[in-house]
Every structure is written in C-alpha cells, then in structure tokens.
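1. Fold the following and give me the result.
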Amino acid sequence: MGWGTFTSRDWSSYRASRGYTSASTVSDMYKASTVKKEMEPYGITYRESCDSAEHPDSTPIILGLDVTGSMGSVLETVSKKLNTLIMEIYDREPVKDPQIMIMAFGDVECDKHPLQVSQFESDIRIAEQLNDVYFERGGGANAGESYTLPWYFAARHTKIDSFDKRGRKGFLFTIGDEPYLTDVSKSAIRRFIGDSIENDLSADELLTEVSRQYEVYHLMIEEGYGMRGKHDEVVNKWTNLLGQRAVLVSDCTKIPEIIVSILEVAAGKDAEEIVGSWDGSTAVAVGKAIHGLTAVDASEELVTFS
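-> Numbers count the residues shown, from 1 in each chain. Modelled structure (predicted):
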C-alpha cells in the first residue's frame with residue numbers, strides 16, 4: 001500500500017467533511033461501538049509498505065496508540081494534529097516517502113480488542129483510518145498495557161521494501177502512560193492474531209525480533225494517569241528496556257513535533273539545532289524529549305542482500 005500524497009488541502013477538506021473543529025473532543029471524533037473488520041489483525045498475513053514510481057524510497061512509520069481509558073487526550077491530539085506531523089515530515093525531510101500505519105492497542109488480559117491495525121498509507125487515508133479506530137477505553141488494574149503486542153505484529157506480519165530491498169529499517173513508535181506487560185502469552189497471540197506459537201514471548205525477546213526491521217521508540221506521557229501515580233516506576237521500567245529511546249513527553253499536544261524531531265535526530269541532525277527550530281513551549285517539550293537521543297548507526301542498519 002502507500003499510494004498518493006498527503007496534502008494540506010485534502011486535510012482541510014477531510015476535516016470539513018467530518019465536521020471536526022478545534023473544539024471537537026475525542027468523543028466527537030471516535031463514535032464507533034466496536035472495531036471495524038478491516039482493522040482486526042486476526043488472520044492478516046502481512047501489511048505492506050511498498051516502493052512505487054510515485055514513492056521510490058518508501059519509509060514505513062508505525063504509530064502505536066494506547067486506546068485504554070486514560071489515553072483519550074493523546075488520541076485527540078494525534079487526530080487534530082496529524083497534518084502537522086505529516087507536513088513537517090515533508091518539509092523537514094528526515095525520511096523519504098513516509099508511509100504511515102496506525103496501530104491501536106490495549107490490554108490482552110482485559111480487553112476484547114487489544115490490537116487494531118491499518119494499512120500503510122501515504123495520503124488522506126491515513127486520517128480516515130486513524131478515525132476508524134475503535135476507542136475501547138479498556139485496560140485494567142494489572143500494572144501495565146500490551147505495548148509489545150504491536151512489536152509482535154510488526155515483526156511477523158509486515159513486509160517493508162525499505163528493509164527487504166535496501167536494508168534500511170522503518171520506525172515504530174508506541175505512545176502511552178503505563179508500564180509494559182512483561183510477557184505476551186501464546187494463547188493471546190492465538191486468540192487475537194491467529195498465530196500458533198510454541199511459547200510465551202517476553203518483552204526482551206519481542207524487542208530483539210522487531211528491532212531487526214524497525215527502530216523502536218516509546219513515548220511516555222507524563223500527563224497520563226498512569227505516570228501521575230507511578231512516574232518513576234514507569235520511567236525506570238521503560239528505560240531499562242529501551243534506554244534513551246524511552247522518551248519523556250511533558251506536553252502531549254507536542255507529540256507530532258516530538259516524533260518529527262526524533263526522526264531528525266535519527267537522521268543525524270544536531271539536537272540543539274532541532275530544538276532551536278521550534279518556538280516557545282514546543283522547543284521546551286522537544287528538548288526534554290530528545291535529550292540523550294543519538295543518530296541511527298547506518299553501518300549497523302545496512303544489510304547486504306544477494
């Protein structure tokens with residue numbers, strides 16, 4: 001997938017057609033009472049990010065959004081500022097030919113629909129599929145959410161030309177305010193994705209597997225309920241797993257700018273220059289988020305194919 005190009009004109013027309021305004025709430029934008037069949041991961045062989053004459057140097061970007069009860073503000077922000085995210089990627093060009101997949105996830109131990117997956121797209125269908133997400137508002141009191149379930153799907157159920165043809169990894173961002181559940185059970189994988197696997201998979205195992213094809217980041221939302229109650233626990237657990245790629249977000253309204261800035265750091269742009277390119281509160285939030293991040297090591301990323 002990944003035909004077409006996202007434009008500001010299409011974005012304006014799309015918002016008008018949906019009746020969205022700056023005052024629209026997450027409840028206004030997400031009214032589905034259940035998940036759409038097209039977004040169910042069960043039985044999907046692959047979601048594909050493909051090169052084309054229009055996009056010859058495709059870069060897959062996965063946005064994994066926590067859709068449990070405390071994360072409505074993040075879903076609202078990403079929905080309202082999707083144009084900012086995509087147009088800043090085009091303007092700043094930290095990557096070529098972005099193709100974006102939306103994943104929505106919750107808790108395999110508590111929710112009926114703990115994973116939803118869109119196609120990789122390059123045009124206004126990104127927004128359409130984002131607004132197709134079922135905001136389940138689930139989760140439970142089990143000390144975490146299934147942040148690693150998107151890792152499993154990305155590792156085993158995506159095909160990306162950037163890696164298969166050029167040995168260049170895509171990018172996978174998860175966003176939320178809780179610790180991750182330590183394991184994904186084989187029974188949950190069977191139930192929600194349809195795969196039969198021999199053993200439960202730990203977060204470490206899944207990170208190793210998904211990191212073969214994707215640069216993995218997690219955005220920790222400090223304004224979320226989970227972090228307000230156990231900030232240090234969340235930060236320590238994620239940092240122990242991801243290091244500096246566990247990214248602190250002090251202002252969730254700046255998530256699009258933070259993601260673009262992370263892509264710029266990964267591409268090798270100077271962090272101080274990146275911070276200085278933003279104004280006011282955006283610069284503050286970006287500076288905190290990208291502190292300590294380093295460029296992607298191209299020598300480790302490139303793979304030779306016979």
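2. can you tell me which helix or strand the residue positioned nearest the centre of the chain belongs to?
-> By Cα atoms, centre = their mean, the mean C-alpha position of the chain lies nearest to L63, the distance being 1.8 Å. Assigned by DSSP states H and E, L63 belongs to strand 59-66.
3. Can you name the element that comes right after that strand?
-> As assigned by DSSP H and E, the chain's next helix or strand after strand 59-66 is helix 72-80.
4. Which strands or helices does that following helix pack on?
-> Packed against helix 72-80 by the contact rule (3 or more Cβ pairs under 8 Å, 6 or more residues apart in numbering; DSSP states H and E) you find helix 26-29, strand 59-66, helix 125-130, strand 170-176, helix 255-266. Any C-beta I mention is one placed from the backbone N, CA and C, and that applies to glycine too.
5. just for the stretch 201-306 of the chain, where's the confidence low?
-> 298-306 (pLDDT under 70).
6. if we go to 50?
-> Residue ranges of the stretch 201-306 of the chain with pLDDT under 50: 301-306.
7. Ok, the stretch 51-200 of the chain next?
-> By pLDDT under 50, the stretch 51-200 of the chain contains no weakly predicted segment.
8. So which residues of it form helices?
-> For the stretch 51-200 of the chain, helices defined by DSSP state H, counting those that start in this stretch occupy the ranges 72-80, 82-92, 125-130, 149-157, 161-166, 186-192.
9. quick one, what contacts P60?
-> 49, 99-101, 120, 158, 160, 162, 170-171, 214 (Cβ atoms under 8 Å, 6 or more residues apart in numbering).
10. Also I221?
-> Contact partners of I221, counting by Cβ under 8 Å, 6+ apart, are 71, 74, 175-177, 227, 249, 252.
11. rewinding a little: wait, the residue nearest to the centre of the chain sits on I102?
-> Yes: assessed by Cβ atoms under 8 Å, L63 is found in contact with I102 at 5.6 Å.
12. buried set for stretch 128-139?
-> By neighbour count on 16 or more other Cβ atoms under 10 Å, the buried set for stretch 128-139 is 129-136, 138-139.
13. Closest one to E222 out of these, please.
-> G139 (17.9 Å; Cβ to Cβ).
14. Distance of G139 relative to L181?
-> Using Cβ to Cβ, to the nearest Å, one obtains 11 Å as the distance from G139 to L181.
15. follow-up on the earlier one: indicate each strand paired with the strand holding L63 and its parallel or antiparallel sense.
-> strand 98-105 (parallel), strand 170-176 (parallel) (DSSP bridges).
16. Report the angle between that strand and helix 255-266.
-> Angle, strand 59-66 to helix 255-266, by axes from the mean of the first three to the mean of the last three Cα atoms, to 10 degrees: 140 degrees.
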